Structures are given as structure tokens and as C-alpha cells.
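*Asks:* Predicted structure and sequence below. I'll ask about it afterward.
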Amino acid sequence: MINKNEQSIIEKAREQGIHLTNYSQGDYRVKCPECSQSRRKKHENCLSVTVASDSILWMCHHCDVIGLEGLKKVLASNVPTLQLP
């Protein structure tokens with residue numbers, strides 16, 4: 001069962017364009033919402049996503065975009081979030 005805090009973290013990640021098939025704790029690779037559409041290798045999963053119990057962290061290995069949502073955001077307030085057009 002997902003609690004309200006986890007649900008809001010998932011919603012914020014989805015607002016940033018990060019869509020996982022499963023939001024269980026762990027590491028995932030998906031397409032980057034920032035650069036995948038403009039790349040020659042559009043289907044390459046270049047965005048690493050780490051889901052923890054209280055946060056979601058992501059980093060693209062192609063365009064270097066990074067982001068963080070969740071309780072740990074207070075500790076990393078200088079981490080930029082993904083900006084979609």
C-alpha cells in the first residue's frame with residue numbers, strides 16, 4: 001500500500017515526465033523526457049531513476065539533467081529539477 005507521502009512523490013516525478021511501470025524501491029532505466037525525443041537513439045533508456053522510500057532521484061547519462069523529489073530535497077536544495085517546455 002502506498003502512503004500519501006509516497007503518492008505525492010510519484011505524482012511530482014510524473015509531472016517531471018518520469019513514468020515508471022513500477023514505483024517500488026530500486027533502480028530503473030527509462031527514456032529521458034528532456035532529450036530522448038531529439039536524439040538519434042530515441043529508444044535508448046538513458047535516464048537512471050532511483051526510487052527510495054521517501055524520495056526519487058534521477059540523472060540522464062546523455063544530457064546530464066538531474067532531479068530529486070521527496071524528503072531528502074531539503075538536504076539537496078541546490079539540485080535543479082527537470083524543466084519541460
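*Replies:* Looks like it came in fine. Numbers count the residues shown, from 1 in each chain.
*Asks:* tell me the pLDDT at the residue nearest to the spatial centre of the chain?
*Replies:* Centroid-nearest residue in the chain, with C-alpha atoms, centre = their mean: residue 58, separated by 4.1 Å. On the pLDDT scale, residue 58 is placed at 94.
*Asks:* so who does it touch?
*Replies:* Residues in contact with residue 58 (C-beta atoms under 8 Å, 6 or more residues apart in numbering) are 13, 16, 18, 47-50, 65-68, 82. For glycine as for every other residue, the C-beta is placed from the backbone atoms N, C-alpha and C.
*Asks:* beta partners of residue 59?
*Replies:* residue 48, residue 66 (DSSP bridges).
*Asks:* Contacts only, for it.
*Replies:* Listed by C-beta under 8 Å, 6+ apart, the contact partners of residue 59 are 47-48, 65-67.
*Asks:* coming back round to it: just the contacts of residue 58: which has the poorest pLDDT?
*Replies:* Within the set of the contacts of residue 58, pLDDT is lowest for residue 82 (61).
*Asks:* can you pull the contacts of residue 19?
*Replies:* So residue 19 contacts residue 30 (C-beta under 8 Å, 6+ apart).
*Asks:* And residue 51, by the same measure?
*Replies:* 20, 23-28.
*Asks:* And the buried ones among the residues you listed, selectable in ChimeraX?
*Replies:* Paste this into ChimeraX to select the buried members of the contacts of residue 51, with burial taken from 16 or more other C-beta atoms under 10 Å:
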select :20,23,28
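*Asks:* I'd like to know which helix or strand in this protein has the lowest mean pLDDT.
*Replies:* Using mean pLDDT, DSSP states H and E, the weakest-scoring helix or strand in the chain turns out to be helix 4-15, at a mean of 80.
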